[in-house]
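Q: from the sequence below, what's the structure:
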Amino acid sequence: MITIYTADMGASVASASNLTTNEMSGEIMSIFYQEGTASYPATADFTITDTRTGQSLWTESNVSGDTVMYPRVALQDNTNSAVTYDGTRPIYDTIPVHGKITIALAQVSVGKTGKFFFYLRK
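A: Residues are numbered from 1 along each chain as shown. Predicted coordinates:
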């Protein structure tokens, strides 16, 4: 779980960023955002990335209320070609991570909190 509290950002800043203190290792099955008692406004924008690879795990604008994301990525073969079912429909799978995760927020109010829960398959 990662909690981001925007009061530490200063009165005029409308963004926040946090880095996990412990490395995560496994496949991300889902990411759950839970509003705090003083939650972010409905204009909150999330950008969650794997710090080591830069891989986007969740990017969404104007998030409102508790929400969950099941991040997936289109598969590629060893020639960097898309893996598909029939040449047109891509095959998706979970995203592996091994390292720290960065959560960046924009358009949030000062003094608000939110929690992010990462569910991994090891």
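Q: residues in contact with the most centrally placed residue in the chain?
A: What sits nearest the mean C-alpha location of the chain, by CA atoms, centre = their mean, is I48, with 3.2 Å. I48 sits next to I31, S56, L57, W58, T59, I101, T102, I103, A104, F116 when contact means CB atoms under 8 Å, 6 or more residues apart in numbering. The C-beta positions use only the backbone N, C-alpha and C, and glycine is treated the same way.
Q: hey, what's it bridged with?
A: In this entry, I48 is beta-bridged to W58, I103, by DSSP bridges.
Q: now the contacts of I48: which count as buried?
A: When these are checked for burial by 16 or more other CB atoms under 10 Å, the buried set is I31, L57, W58, I101, T102, I103, A104, F116.
Q: out of the residues you listed, which two sit at the greatest distance?
A: Pairwise distances among the buried ones among the contacts of I48 were taken by CB to CB; the largest, 13.8 Å, belongs to I31 and A104.
Q: still on that earlier bit, redo the buried ones among the contacts of I48 as TSV? Include pLDDT and distance to I91.
A: Formatted as TSV, the buried ones among the contacts of I48 follow (pLDDT from 0 to 100; distance: CB to CB, whole Å):
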residue	pLDDT	distance to I91
I31	93	21
L57	94	19
W58	94	20
I101	87	25
T102	85	27
I103	85	28
A104	82	29
F116	86	27
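Q: turn the residues you listed into JSON lines, including distance to M69.
A: Formatted as JSON lines, the buried ones among the contacts of I48 follow (distance: CB to CB, whole Å):
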{"residue": "I31", "distance to M69": "5"}
{"residue": "L57", "distance to M69": "8"}
{"residue": "W58", "distance to M69": "5"}
{"residue": "I101", "distance to M69": "13"}
{"residue": "T102", "distance to M69": "15"}
{"residue": "I103", "distance to M69": "12"}
{"residue": "A104", "distance to M69": "15"}
{"residue": "F116", "distance to M69": "10"}
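Q: relative to T43, which of those residues is nearest.
A: A104 (14.8 Å).
Q: give me the distance between that closest one and N80.
A: 28 Å (CB to CB, to the nearest Å).
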